[in-house]
Structure formats: structure tokens, C-alpha cells
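*Asks:* heads up, no residue letters with this:
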């Protein structure tokens, strides 16, 4: 069948008048930018165009809810980006609820207005993308949301006078009041510190305002406007996400500046956040 026949097939089975089918198909084709492909056969379409035809078949039926199960998984990287944009536009235009299943956290973050994070069939956290990114409820959510993945480092909690410190691979990190309060029952114990790569900045010249961590750079990946720096801290491989013009290269000792306001803390045993108690 042609694209036009494919998109109108469900309405044809419902015995909808042909004139109404044509009007519906033309309207949806305009939304999906498929007007010039209506008389083509599937073999003459690209992967992205076929995905849009599949969505068109659903849209013409005017459903109350769209159910999409990894609709972009078989597309190449460029088409996935294009189709994410198409689905976001579609949601904006139609105002219809979309339940979207994906293993790709980038899709979840860019498309979702509300995300349900699941592990082994159990709900871990439900909230907006911003909330999940800034206030992960447990270690799994913290590691799943965000790219590259959050760095996790085991740290000993120490008390020195009125101050509370984390021993982060030999670097003493003095905690601000709110985080010191969160670990008050963990003095002498080990907690897991979570640091997002984008919160580790080039620390040269920032010593007064940031806590600095030093480690040899092992790998540097250039991604155009930014670069990923890989180093080992506390026996764990960590990543810093910096501007591409930062002149830190393999073999150099990197000085990373950590913003303590962005530091996450987790219980080592339960893997629950020590900072955020609610979803």
C-alpha cells in the first residue's frame, strides 16, 4: 500500500467515508511533513519517514493515549535525534498523553514531562526530569539519569572539632552545614559521594571558591565544544566534563574544582540518598 493507504487503513476498516479519511490523512501528513510522500510505497522511504508513517497511522484514529515502546531503537544516531524532535513537536501540537518506554536516558530527559524510573520491574522514583537530575532518590536513579554517568566514590566521614569532613581518596572535603547534618550519624563510617562530570571543572585559579581534587589525566576525549577527562580517584574511574579549550591532556596532573552545592551523598548499604528523603 502507499503511504496514504497505510495511514488511512484503520479508518477504512471502521467504514469511515472516503472523503473523511482523505481529510484526516492530509491533515496528519501535514503535521508529520509527509505530504510529498503520500503516493510512495514503503520501500521508497527512509527509516525516519517510515517511523513517521507509523505514527501517522495512530494519529488519524485520534486516540486518547499514545503508547510508544522504544520507537527509535532501530534508527541510527542522526535519525534518533531528528525523530525525538518530531515526537516532541507532535506532543506539543496534539496535547495528547504519550506513555513512552525507553532504555535511553537521553530520550527520557528530553521528551519526558514526568519520568518513571524502573529497575527489575520496581518503581525507583517518579518526578520531573529536573527533579530526578538534581534530587535522585537512590544510587540507581543517580547513575541512570545524566550523561556521562555520575561519578561514585566511597568516602569516610570524619569529625574534626565542629567541622565534618569527607576523606575522598586522601583529599579532605569540608562539608557545608546541610550536608554535615545529613551525615551526622555516619561519623567513622563510609558513605558514597556522587559527583556529576559537569560539576567537576578546571580547578586552576578557583582554589578560593571550590574544593580542589588532583589526579593524573589518563584519557582525554574531544567532543567538539567539550572534552571528557578520565582519571582514577579512590580506585574508581571518574570523568570530568570540561570546555574543549581547557588545556589538560593525558599524563598531566589535572586539578578539578568540585562545587559542594552539587555533591550527592548516599548510604552505602541501602543505596538511598542521605539528602533527599522523598520522591
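*Replies:* Happy to help now that I have it. Nothing here was measured: the structure is a model prediction, and the numbers come from that model.

*Asks:* Would you check how far apart the closest residue to residue 113 other than its chain neighbours and residue 180 are?
*Replies:* What sits nearest to residue 113 in space, not counting adjacent residues and going by C-beta to C-beta, 6 or more residues apart in numbering, is residue 128, at 6.9 Å. Backbone N, C-alpha and C define where each C-beta goes, glycine included. According to C-beta to C-beta, to the nearest Å, residue 128 and residue 180 sit 28 Å apart.

*Asks:* Out of these two, name the residue with the larger neighbour count.
*Replies:* Neighbour totals were compared for residue 128 and residue 180, and residue 180 leads with 18 against 12 (other C-beta atoms under 10 Å).

*Asks:* What's opposite the residue nearest to residue 96 when sequence neighbours are not counted in the beta bridge?
*Replies:* Once flanking residues are discounted, residue 96 sits nearest to residue 66: 6.1 Å by C-beta to C-beta, 6+ apart. Beta-bridge partners recorded for residue 66 (DSSP bridges): residue 98.

*Asks:* count of residues packed around residue 66?
*Replies:* Residue 66 has 18 neighbouring residues, counting by other C-beta under 10 Å.

*Asks:* Likewise for residue 58?
*Replies:* Other residues close to residue 58 by other C-beta under 10 Å number 16.

*Asks:* And what about it, helix, strand or coil?
*Replies:* helix (DSSP: H, G, I helix; E, B strand; the rest coil).

*Asks:* Relative to residue 32, how far out is it?
*Replies:* 11 Å.

*Asks:* got it, and residue 276?
*Replies:* Residue 276 sits 40 Å away from residue 32, going by C-beta to C-beta.

*Asks:* rewinding a little: can I assume the residue nearest to residue 113 is in contact with residue 115?
*Replies:* Yes - at 7.3 Å, residue 128 and residue 115 qualify as touching, with contact defined as C-beta atoms under 8 Å.

*Asks:* right, and residue 11 touches residue 61 too?
*Replies:* Yes - assessed by C-beta under 8 Å, residue 11 is found in contact with residue 61 at 7.1 Å.

*Asks:* and those two? which has more neighbours close in?
*Replies:* Higher neighbour count among residue 11 and residue 61: residue 11, with 20 against 12, using other C-beta under 10 Å.

*Asks:* Give the helix, strand or coil label for the closest residue to the more buried one other than its chain neighbours.
*Replies:* Nearest residue to residue 11 in three dimensions, chain neighbours excluded: residue 21, at 4.7 Å (C-beta to C-beta, 6+ apart). What three-state DSSP gives for residue 21 is helix.

*Asks:* burial measure for residue 21, as a count.
*Replies:* Residues near residue 21, counting by other C-beta under 10 Å, number 20.

*Asks:* Model confidence for it, exactly?
*Replies:* Here the pLDDT value assigned to residue 21 is 94.

*Asks:* That one touches residue 8, doesn't it?
*Replies:* Yes - at 4.4 Å, residue 21 counts as touching residue 8 under the criterion of C-beta under 8 Å.

*Asks:* Would you mind listing the residues touching both of these two?
*Replies:* residue 60 (C-beta atoms under 8 Å, 6 or more residues apart in numbering).

*Asks:* Run through the residues that contact residue 56.
*Replies:* Residues near residue 56 by C-beta under 8 Å, 6+ apart: 3, 6-7, 25, 28-29, 32, 34.

*Asks:* Helices of this protein, start to end?
*Replies:* Ranges of helices within the chain are 3-13, 18-31, 47-59, 77-94, 105-111, 129-134, 139-144, 177-182, based on DSSP state H.

*Asks:* To residue 201, which of those helices lies closest?
*Replies:* For those, proximity to residue 201 was assessed by C-beta to C-beta; helix 129-134 is nearest, at 17.6 Å.

*Asks:* need the contact list for residue 178.
*Replies:* Residue 178 touches residue 275, counting by C-beta under 8 Å, 6+ apart.

*Asks:* what's the average pLDDT for the longest strand seen in the chain?
*Replies:* The longest strand of the chain (DSSP state E) is strand 151-160. For strand 151-160, mean pLDDT rounds to 95.
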